[in-house]
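Novice: sequence and predicted model, in that order:
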Amino acid sequence: MESGFLFRITPIDDALTPQLSRVLERYTQLESRKRLPALWQLTDWLDRVPKADPEVLKKRRKREGVLGILLWAVSMFLLVPSVMESKAMAGPLVLSIFGFLLSCAAMKSTQRTLMAGLNLVMSAILCLGALLAFDSLKALLAPGALCLAVGIWALAGKRMHRKESGFDRGARELVRRRGTVENPENVRVEFTEAGMILSDGNDEDAQCFEYPEFFFVCETDALLVPVCGQRALVLQKKDLEAGSVEQLRAFLQEQVSYEQLETA
């Protein structure tokens, strides 16, 4: 190779943080596999059954959500009268509670917001009815409290699902540090036969990282992230000035462990 693959350094858009987060997650997994091979062999053995096609899983979850809604409606229709006559309708009461919990389990993945809304509305109806006619309808407080608890749980779970992960925070920190680099326009990163050369425009201060030192190189839709020891260098494909991404990928695949991640 007569010349290397040269990158310049430019600011990283915050929109690329999720891609960088996936890289950090993959690095952590690979590092864990290296330290705990026996545990990961067991995990891989448990996961050996092929996973269903994503489109099939999507349709299956949609069916589960619809069935969950129908089961919830039937369970509530049966729960109210069985609670009012709990001694005479002990069997239907148990079945209605079981059906209610089963419906919530079916809806929690794809219809969590709807599940929260249905249960909170039903809770308000039952509790309000019990308070307005407490002597005759006080038994409705129990299913009302159950619906309230499930509704709050569904909302809380949705917020937790959106909670930022440790990988997201680590990615944001890497992007922040990238913004603190002095004179980034002078920084150049070049991949040559000898290794990855990092310089700030002064050849005397250039650092060379040989390929045997690399843990791996990870490619996403927009990023190229070489990891050498505990150091990760975030490069953007669009900043490649000399050579092509395809040529660089083929070159690095011969030198280091190389992975391409789907981040869409």
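Specialist: It's in.
Novice: show me the longest helix that occurs in this protein.
Specialist: helix 54-84 (DSSP state H).
Novice: and that helix, what does it pack against?
Specialist: In terms of contacts (3 or more C-beta pairs under 8 Å, 6 or more residues apart in numbering; DSSP states H and E), helix 54-84 is packed against helix 90-107, helix 112-132, helix 141-161. C-beta here means a position set from N, CA and C on the backbone, and glycine is covered the same way.
Novice: now do the second one, average pLDDT.
Specialist: Across helix 112-132, pLDDT averages out at 86.
Novice: contact partners of whatever helix or strand comes next after it?
Specialist: Once the chain leaves helix 112-132, the next helix or strand it forms, by DSSP states H and E, is helix 134-137. For helix 134-137, the surrounding residues in contact (C-beta atoms under 8 Å, 6 or more residues apart in numbering) are 84, 129, 130.
Novice: what values do phi and psi take at residue 210?
Specialist: Residue 210 has phi and psi values of phi -70, psi 150 when expressed as degrees, to the nearest 10.
Novice: ok, now which ones touch the closest residue to it other than its chain neighbours?
Specialist: What sits nearest to residue 210 in space, not counting adjacent residues and going by C-beta to C-beta, 6 or more residues apart in numbering, is residue 195, at 4.2 Å. For residue 195, the contact set (C-beta under 8 Å, 6+ apart) comprises 208, 209, 210, 211, 213.
Novice: 6 Å instead?
Specialist: Neighbour list for residue 195: 208, 209, 210, 211 [criterion: C-beta atoms under 6 Å, 6 or more residues apart in numbering].
Novice: over to residue 206?
Specialist: 197, 199.
Novice: for residue 244, see how far away it is.
Specialist: Separation of residue 206 from residue 244 (C-beta to C-beta, to the nearest Å): 24 Å.
Novice: what packs against the helix or strand encompassing residue 227?
Specialist: Here residue 227 sits within strand 223-228, counting by DSSP H and E. If contacts are counted by 3 or more C-beta pairs under 6 Å, 6 or more residues apart in numbering; DSSP states H and E, strand 223-228 sits against helix 17-35, strand 214-219.
Novice: one more pass at 10 Å, please.
Specialist: helix 17-35, strand 188-191, strand 196-199, strand 214-219, strand 235-236, helix 245-255, strand 258-260 (3 or more C-beta pairs under 10 Å, 6 or more residues apart in numbering; DSSP states H and E).
Novice: for the residue nearest in space to the middle of the chain, which non-adjacent residue is closest in space?
Specialist: When C-alpha atoms, centre = their mean is applied to the chain, the residue found nearest the centroid is residue 165 (8.0 Å). In space, and not counting its chain neighbours, residue 165 is closest to residue 21: 7.0 Å by C-beta to C-beta, 6+ apart.
Novice: now for the one you found: which residues touch it?
Specialist: With contact taken as C-beta atoms under 10 Å, 6 or more residues apart in numbering, residue 21 is in contact with 164, 165, 166, 167, 168, 169, 170, 171, 172, 174, 263.
Novice: let's see if you can find the most crowded of those.
Specialist: The most crowded member of these, judged by other C-beta atoms under 10 Å, is residue 171 (25 neighbours).
Novice: burial measure for the nearest residue to residue 126 once chain neighbours are set aside, as a count.
Specialist: Distance criterion C-beta to C-beta, 6+ apart; nearest residue to residue 126, sequence neighbours excluded, is residue 144 at 3.4 Å. Burial of residue 144 is recorded as 22 neighbouring residues (other C-beta under 10 Å).
Novice: cool, residue 22 as well?
Specialist: Neighbour tally, residue 22, other C-beta under 10 Å: 21.
Novice: please tell me how far it sits from residue 172.
Specialist: From residue 22 over to residue 172 the distance is 14 Å, taken as C-beta to C-beta.
Novice: chain center to the following helix or strand past the strand holding residue 227: distance?
Specialist: Next along the chain after strand 223-228, taking DSSP H and E as the criterion, comes strand 231-232. In this view, strand 231-232 has its centroid 22 Å away from the chain centroid, taken as C-alpha atoms, centre = their mean, to the nearest Å.
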